[in-house]
Each structure stands twice: as C-alpha cells, then as structure tokens.
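S.K.: using only what follows, build the 3D model:
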Amino acid sequence: AEHAADVVGKSRVVLAPIRFGAGAKGKLVEAMQCGTPSITTTVGAESMQGNLPWNGIIADNPEEIAKAAIEIYNNKTLWQQAQQ
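M.R.: Numbers count the residues shown, from 1 in each chain. Next up is the predicted model:
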C-alpha cells in the first residue's frame, strides 16, 4: 500500500502485542485516527489513553490476545463501541 493509513482504515482490528517501549506507539495512534479498534498489551496502552476507555481490548498474554481479537472481530456491538 502506498499509505499505511489506507490499510488500517479498511481493517477490522489492529493487533499490536507490544512487550516493551515508551511514549506514543505510532500504529496505535494511527488506528485511533482511522477509527479502527486495536488489541494491545498494558505496555502498548501505557500513557496512551489517559482517563478514557481503550479503543479496543488490552490483553497481556498470547491466549488473551487471541481471544480478544476473535471477540472484537465477531462481536458487532463491542466493535462499534471500540470504534467510536
């Protein structure tokens, strides 16, 4: 794709199982800008949401991340809440 935002904007969910890092995480910010829900870890969401709910699901181990991805992908109501 010429622009990553084009792909993210057409995606149903962004998976970002971040294990370490600091500051703003570019792909998570891009997902928010595009209105695409995301699945990330506590580290991924760190300092990104303030007092607001996460625009997706926060999970910290591979099984939880996989279950979260399936849940948000298949649950229209949950997806719409995260998307908004």
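S.K.: any figure for the gap between the residue nearest to the spatial centre of the chain and residue 2?
M.R.: For the chain, residue 38 is the residue whose C-alpha lies nearest the centre (CA atoms, centre = their mean; 1.3 Å). From residue 38 across to residue 2, the span is 22 Å (CB to CB, to the nearest Å). Backbone N, C-alpha and C define where each C-beta goes, glycine included.
S.K.: and what of residue 68?
M.R.: Taking CB to CB, one finds residue 68 at 30 Å from residue 2.
S.K.: one more: residue 59?
M.R.: For residue 59, the distance to residue 2 - CB to CB - is 32 Å.
S.K.: which one's more surrounded, those two?
M.R.: Neighbour totals were compared for residue 59 and residue 2, and residue 59 leads with 20 against 6 (other CB atoms under 10 Å).
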